[in-house]
Each structure stands twice: as C-alpha cells, then as structure tokens.
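Peer 1: sequence and predicted structure below; questions after.
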Amino acid sequence: MADATPSLALPLIAGGQAQKHATHNEALALLDALVQLTVLDKDRAAPPASPADGDRYLIAAGNPDGAWTGWSGRIARFQDGAWLSLKPQAGWTAYVADEAEPYFFTGSAWTPLRATLTALQNLSRLGIGTGADAENPFAAKLNKALWTALTTAEGGSGDLRYTLNKQASGNVLSLLLQSGFSARAEIGLTGDDELRVKVSPNGGDWFEALRIDRTTGRVAFSGRITSADVPVLTGQVIAGNSGPGAVAAGATRYFTHALVGGHQSEVYAAAGRRGRFRHLRVVTQGAPGAGESWTFTLQNLVTDTALTCTISGAGSNQAADLVNSAVFDADQRWCLKMVSSSGARPTTNILFSLLFEGLD
C-alpha cells in the first residue's frame, strides 16, 4: 500500500500504525493548505520577516533565497513556526490576493488564468473596464483598441476584414459617433442600403451630408449639386457670356451662355435637379446711357422669378441681386431675360453669373 495519495500527496494511515492521529492531522493540514488555494503574493524572492501562521506564497522567482531556496515554482506555507514546501501539479490554480488574479500552473510555470483561455462561447454579456447591460451586452471602457491581421506565418491570410450585418434593408447598420453621450455623426446604412453620412448639432436634429448610390457608386451631396455627374462640394456658380449678338434699344432678348434669342425656347437650359438659383450678377461692356436702363430677370420657362437686377444711367455697367432667390424642379428650364429701354445703347457680350444650390 502506498504511503500517500497520488494527487495531493496526503499521508495515509498504515494498518496497525501507532499514533494514527499524527498522520491524520498532517493530512488535514495539507488539505487546509491546498484546498481553496489563496496566496498573499507571488513576487517575493525571500520569506517575509514576520509571517503569520497559515500564510501562503507562490514562489514565482527563479532563484528564491533563505528558507525558500530551491523552491522556485512551489507554494510555501508558514505552519507551526516553519515553512512548508508544496510542489504543484499541472492544472492547479491559485488566487493571488494582492493582484486579485487567479493563476494556473501549466506544469512548468504559473501563468494568469485568463491568459490560458482560448475560447469563450455564447456569452450573453461582456464588459471590458465597465459593466455590460441588456441594452449594451458588449461594453468597453478604454483609451485605445487594436485589431491586427493574423499573419501568414501564424497560419492566417494577412488580411483583416471587419464584417457587420443587418437583418434587412429597412434596418439600421451604422457607426454612431457621440460627444458626451450625445450623437454628433452617423455613418452607415440607415433605413435602406445606401451608404449615408449624417451629422447632428444636438443629437436630435439630423442633416444628411452625403449619400452613395449602391448600384452606380454616384455620390449625392444633400443641398449640393453635380456638374457632369461629378459632385461639387459647394454651390455651383453658373457663369457665362451672352455672346456677340447685339441687344438693340427697346428690345427684349433671352440668353444663356453664348446664346441670345428672341424667345425663351431658343436658349433655355434645364436645371437638371431640384435646386435654388440666387446671387445674380451682371456686367456689361458699357452703360445704357443717361435715363436709360437694362433690366435682367431670371425666368422659369416663360415666367419671371423674383431674381432680378437693373443697370441704369450713364455711369454704371454692373448690377446684382443678392437678396432674392428662385427654386426650380429638375425638369424646369431657365434663361435670363433682358429688357432694354427705348433709348438704351446696343450692347453685346453681357457677362453674368448665378449661384445654384441643389435641394435634394
């Protein structure tokens, strides 16, 4: 019969043994040392000066001194005025009190238990540095985070792709950016499958900054326009020259860039998208003359809009309307109408500019 148990080396009472209580008490003392194993520290290289009876230490130092000499990797327990060495076996765990950290013995070294975890499956909540709850089952409170690809040398592909998925087109899949827990920006698929970027001044009012069509890749800027399908980040300035065709005294003519005609249908241009015209500016080659005038008005098809300005007298050759505006739908057409007073000088090459801002 063996003298001790195979796992914890507890002494066994032999048949006919005298003073059986001594062997029994020794086994109980070992159980007291090993069961629910909690050590005070693992970083000491020598015994403390005044240990209390029952104190336990994990000797992680490679070359411990004093009464612990040669005990590297072992558990030391102070008992009855002396240190007792307990040799661990692979799989033992010990709670290190000063670190509030459980450690695991691999068979050759003690390592933090969490470092040995290779899989966590079907967790309902996970909090890192903070508490997770039902609304946020994964929560992290930290200052930096790193995601790096598994290299080919480690058995990976070297790539890193972060995949997010929503149930259906009508659901939301987005990155919500907050300041002081109040939303300020959102990027993602919000309510459909078009990529959108939105901003908010207060977390309640939202303004869409851009939208990317998933079928064409075209970028639409809300409140902005495109020119030849190229997004323009600011309002588009439409500038032109009426060309060499003269506008005679007392005449009414219509023009866009390089086109002058006697009727709107000869010159007008499509707005192309819903938007607002404003900031009408006109510069002519000379002045209309004393008591005379040239009046310029933006027209929507054949109807005057509120956007208009007039050059008058002998000393001016330019005018502007920076106050009024006119909204056009995408299929509506525009041109400038010029009305020359009866005695005004003929003029050519009228320079003009308009600011157009998209509204969809």
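Peer 2: Done, it's in.
Peer 1: is residue 115 in a helix, a strand, or coil?
Peer 2: Secondary structure assignment for residue 115 (DSSP: H, G, I helix; E, B strand; the rest coil): helix.
Peer 1: give me the distance between it and residue 83.
Peer 2: 29 Å (C-beta to C-beta, to the nearest Å). In short, each C-beta sits where N, CA and C put it, glycine included.
Peer 1: between the two, tell me which one has more neighbours.
Peer 2: Using other C-beta atoms under 10 Å, the more surrounded residue of residue 115 and residue 83 is residue 83, with 16 against 10.
Peer 1: partners of the helix or strand hosting residue 321 in the sheet?
Peer 2: Using DSSP states H and E, the element containing residue 321 is strand 318-328. Partners of strand 318-328 in the sheet, by DSSP bridges, are strand 275-283 (antiparallel).
Peer 1: name the residues that touch the partner strand?
Peer 2: Outside strand 275-283, the residues that touch it by C-beta atoms under 8 Å, 6 or more residues apart in numbering are 225, 294, 296, 298, 305, 307-309, 311, 317-322, 324-328, 334, 350-360.
Peer 1: and that strand, what's buried?
Peer 2: 275, 276, 277, 278, 279, 280, 281, 282 (16 or more other C-beta atoms under 10 Å).
Peer 1: from those residues, which one has the minimum pLDDT?
Peer 2: On pLDDT alone, residue 275 ranks lowest of the buried residues of strand 275-283, at 88.
Peer 1: show me the beta-bridge partners of that residue.
Peer 2: Here residue 275, judged by DSSP bridges, has bridge partners residue 328, residue 358.
Peer 1: any idea how far apart the tips of stretch 248-262 sit?
Peer 2: Stretch 248-262 has its terminal residues 12 Å apart, counting by C-alpha to C-alpha, to the nearest Å.
Peer 1: residues in contact with residue 342?
Peer 2: 249, 250, 292.
Peer 1: pLDDT score for it?
Peer 2: Reading off the confidence values, residue 342 has pLDDT 96.
Peer 1: cool, and residue 65?
Peer 2: Value listed for residue 65 in the pLDDT field: 93.
Peer 1: now it: how far from residue 98?
Peer 2: Counting by C-beta to C-beta, the gap from residue 65 to residue 98 is 20 Å.
Peer 1: ditto for residue 254
Peer 2: For residue 254, the distance to residue 98 - C-beta to C-beta - is 89 Å.
Peer 1: who has more neighbours out of those two?
Peer 2: Neighbours per residue (other C-beta under 10 Å) separate residue 254 from residue 98, with residue 254 holding more: 21 against 10.
Peer 1: give me the buried subset of the contacts of strand 275-283.
Peer 2: Buried members of those, scored by 16+ other C-beta under 10 Å, are 225, 294, 296, 298, 305, 307-309, 311, 317, 319, 321, 325-326, 328, 334, 350, 352, 354-359.
Peer 1: phi, psi of the most centrally placed residue in the chain?
Peer 2: Per C-alpha atoms, centre = their mean, the C-alpha nearest to the average position across the chain is that of residue 175, at 5.1 Å. Backbone geometry at residue 175, expressed as degrees, to the nearest 10, gives phi -110, psi 120.
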